[in-house]
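structure of the sequence below:
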Amino acid sequence: MGRLDKALKNILSGPDNALDIRNLKYLPRWAVLMIDIGLVTISTILTIFILIDLSPFQYTLLSFFEKTLLVVSVNIFFFYIFKTYAGIIRYSSNVDALKLLLATVSVFASLLIINYATYFLIGEKIFLVGGLLINLWISFSLLFLFRLSVKQAYEYFKVVQKNESLIKAVILGVDENAISIAGALDIEHPKRFKIVGFLSPSVQKSLRILDKPVLQHTQKIHKEISSLGAEAIIFSENSFTPEEKFKLVEECLEHDIAVYNAPLVSSWDDNQPIAKNIKTLQIEDLLEREPIQLEVQNKIDQLTGKTILVTGAAGSIGSEIVRQVSEYNPEKLIILDQAETPIHNLQLEIESSFPDLNFQVIVCDVGNQKRLELMFQNQNIDVVYHAAAYKHVPLMESNPHEAVFVNIHGTKNLADLAVKYKVGHFVMVSTDKAVNPSNVMGASKRAAEMYVQSLYHEQLNHSGHITKFITTRFGNVLGSNGSVVPLFKKQIEQGGPVTITHPDIIRYFMTIPEACQLVLEAGAMGKGGEIFVFDMGEPVKIMDLAIKMIKLAGYQPNKNIKVRITGLRPGEKLYEELLNDECKTLPTHHKKIMIGQEVVRNYEMINQKINKIIKSANNLKNDKVVAKLKDLIPEFKSNNSSYERLDNIAELKKD
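So this is what the prediction gives:
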C-alpha cells in the first residue's frame, strides 16, 4: 500500500506533471447536468430490465423508449427547479444531498400523479407503482454515489498531495463571513492556508467553530496569534474602524505576523481558486478613512439634464469625475484631454459602463484657445470641471514654461470662455502645493486660483450673467498616476530599493473617489469665489508608509528590501499646507469641508501680470517666467531649487 501511495504521489503531484489533480478545473454546470441526465437514463433502463425479469406483465400504453423519455424529462425539470447541478461536486454537502432527495422524490410524486391521471382518464396506467419506487431508489443512489465518489476521490488525493507548505493563519471574526471563509479554505486545494483558530473581541468564553478554537481578542493580538501557533491573520469583518484596524495591523507587522484581507464571500471571484480571493492587505486599506456622506439631491440638481465639460478627463481625477458625473444622467458629457491613448481607453470604458450616455470625446490641449472657443460655440455648456494640469513637481521645475502653458494659460482660456459663453459653474481642481508654494508647479496652480477668483469678483462689478468660479484643494491622491504608493509597489515588486527623498517628509492622503466627491459637492454648494478645503485627517510620514508597505508585502525592511534616501527633489517641501497664514476658514454644512477665505486681489492687476508670465513662457525664458511668478505670488519661495537665487534678488529689490 505504501508503494501505491508513493506511485500515486509521483503521478499526480509531480511538479511538471499535467495530471496533478490540483490543476483540474471545476466541472461546469452543463457538464454536471449532462452526467446527471445520463445517470437517470441508466437508472430508468435498469428499472425496466428489473421489472421484465420480475414479471412478464407490463403496461403497454407507452413504449419502453417513450417511458424512458418521460422519466428523463421529468427529472430534468426537477433538476432545474432544485438546481442540483449548481454546486461544485468535490465540495458537496448535506444540503446537496437533500436537494437530490427532494428532486428524486418530486419526480416519483409527479410520475405517480401522471400515472393515476391516465388511469382515471383512459382507464390504463403507464407505470407499475413498484417500478416507480425501484426507479426512485436507483436514481437517487446513482446520483448520490456519483457525488460521494468524486468527493472521496478528491479527499484521498488531498491526503496523497502532502507537499504543500501552508500558511498557518487565524481569522479575525466569528460572523457568518468568517466561518464561510474558514470552511472554504479548509476544503480548497491546492491549499494556501491552514486555519488554526478564530479571534473575536465579542467572545466571552471558550468556544470551538469547525473544530477550531475561538479565543477572545483583548489587547495584545500578537500573543493571541502566537498562542494558536499561527504566523498570519486574516481580516474577515468590517466592524473595526480604520483607526482600530491600523493599530492591529501595526502590532502584527511589528511582530512579523503576515496580514491578509478577505472580502465578503458573496463578492468572491468564482473564476479563480478560493484562496486567491484572500489577498495581502494593501496600504490603501489602512489609509482609507470613513467614507464621507454627501448630499445627493444638490448634485442631481446640478448635473441631471445638463451639459457637462470635464477637462483632463483621461487623468486619475478627471476620469473618476467622468464616472461619477455619468451616474447623474447628464444631457451631454464632453470629455476633453490631449492624451490620445488614455482618453481612448476611457471612451471604451464609458461606452461599456454607460451605454445610454450621450457623450463626446474631444482631443485638445487646453492651451489651444481657438479649438476651445469652437467647442464652446457649438455646445451649450452648463458646468465645467477643470482637472487638466501638469502636476509633477520636479518636471515642472525643469520646464516652467510648460507649467504656464497648461496650468495658467489653459485655465485662463477656459475661464474666459466660460464667462463669454455664460457657463453656470466652473469648478477648478487645485492642490495643497498652491499654498505658500515652494516650486513652479505649486506657484502655477496658485496663479490659476488667483485668476479665477479675481475674475469671479470682477463679474460682480458688471451687470448680466455671472459664472460661479469655485476652487477645490486636495492633498496627495492614493493610486493616482505617478503617486508614491504605486511607485513603492513597483519598487517592492522589483526587489527594491524603495526610494524616499527625505526621512522626515510627510504628506496628506485621500482616495480618488473621495477627491472627486469633493469636486462634485463643491460644484453643487459653491456660490462663487470660494476655495473649498477638505479635512484630510492626520498627515502620513512617508518613511512609515514605505516600511509598512514592505512589511505588508512579506519582506523585512533593509534586509530583504532596502530603503534608500535620495534627497529632496527640486522644489519639494518636507510638509504641505492646505491654508496659508493669511487665510481664514469658514464652516460649511459638512464638517469635513471648509471654505478657505484667501485675499482676493484686483483682476486688472492679476490679468496684466499673468499675461506677462504667459509672454515670457512663449519666449521660453525660464528665469523670467519664475521671476514674474514670484512677483505675482509674494509667498512663492523656491526650495532646493536653482531658482532660490531669484528670491534673493527679490529681497534686494525690496531693500
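
distance check, V384 against N378.
As for V384, its distance to N378 is 15 Å (criterion: CB to CB, to the nearest Å). Placement of C-beta: from N, CA and C, glycine included.

err, I167, not the other one
60 Å.

likewise E224?
Taking CB to CB, one finds E224 at 66 Å from N378.

between these two, who's got more neighbours?
E224 (19 against 9; other CB atoms under 10 Å).

next, the closest residue to that one other than its chain neighbours: secondary structure please.
Leaving aside its sequence neighbours, E224 sits nearest to L215 (CB to CB, 6 or more residues apart in numbering; 5.3 Å). Following DSSP: H, G, I helix; E, B strand; the rest coil, we place L215 in the strand state.

swap in N413?
helix.

the one 4 residues further on now?
Following three-state DSSP, we place L417 in the helix state.

so it sits right up against E373, yeah?
Yes - using CB atoms under 8 Å, L417 makes contact with E373 at a distance of 6.0 Å.

and those two? which has more neighbours close in?
Neighbours per residue (other CB under 10 Å) separate L417 from E373, with L417 holding more: 20 against 15.

so who does the closest residue to that one other than its chain neighbours touch?
Take L417 and drop its neighbours on the chain: the residue closest to it by CB to CB, 6+ apart is F376, 4.7 Å away. Residues in contact with F376 (CB atoms under 8 Å, 6 or more residues apart in numbering) are L417, A418, K420, Y421.

which residues in the stretch 301-450 of the chain form helices?
Ranges of helices in the stretch 301-450 of the chain, per DSSP state H, counting those that start in this stretch, are 316-326, 340-353, 369-378, 393-398, 400-403, 411-420, 440-460.

quick one: closest of the ones you listed to T84.
Set against T84 and scored by CB to CB, the helices of the stretch 301-450 of the chain come closest in helix 340-353, at 34.9 Å.

specify the beta-bridge partners of T311.
Beta bridges link T311 to L336, H386, judged by DSSP bridges.

and the next helix or strand past the strand or helix carrying F144?
Secondary structure from DSSP states H and E places F144 in helix 129-160. Next along the chain after helix 129-160, taking DSSP H and E as the criterion, comes strand 167-172.

tell me the helices and strands packed up against the next helix or strand after that following strand.
Counting by DSSP H and E, the next helix or strand C-terminal to strand 167-172 is helix 176-187. Counting contacts by 3 or more CB pairs under 8 Å, 6 or more residues apart in numbering; DSSP states H and E, helix 176-187 packs against strand 167-172, strand 193-200.

now the angle from the longest one to strand 167-172?
If I follow you right, that is strand 193-200. If you take axes from the mean of the first three to the mean of the last three CA atoms, to 10 degrees, strand 193-200 sits at 30 degrees to strand 167-172.

who are the packing partners of strand 193-200?
Using 3+ CB pairs under 8 Å, 6+ apart, strand 193-200 sits against strand 167-172, helix 176-187, strand 212-216, helix 221-227, strand 232-235.

so for the helix or strand following that strand, mean pLDDT?
Next helix or strand after strand 193-200 toward the C-terminus (DSSP H and E): strand 207-209. For strand 207-209, mean pLDDT rounds to 78.

before we move on, what about stretch 245-258?
Stretch 245-258 comes out at a mean pLDDT of 78.

just the CA trace of that stretch, in CSV.
Output in CSV follows, covering the C-alpha atoms of stretch 245-258 (Å, rounded to 0.1, in the frame of the first residue of the first chain):
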residue,chain,number,x,y,z
LYS,A,245,-7.6,48.3,12.1
PHE,A,246,-4.5,50.4,11.6
LYS,A,247,-3.4,49.7,15.2
LEU,A,248,-4.0,46.0,14.9
VAL,A,249,-2.0,45.8,11.6
GLU,A,250,0.8,47.9,13.1
GLU,A,251,1.1,45.5,16.0
CYS,A,252,1.1,42.5,13.7
LEU,A,253,3.8,43.9,11.4
GLU,A,254,6.0,44.8,14.4
HIS,A,255,6.0,41.1,15.4
ASP,A,256,6.4,39.7,11.9
ILE,A,257,2.9,38.4,11.5
ALA,A,258,1.6,38.5,7.9
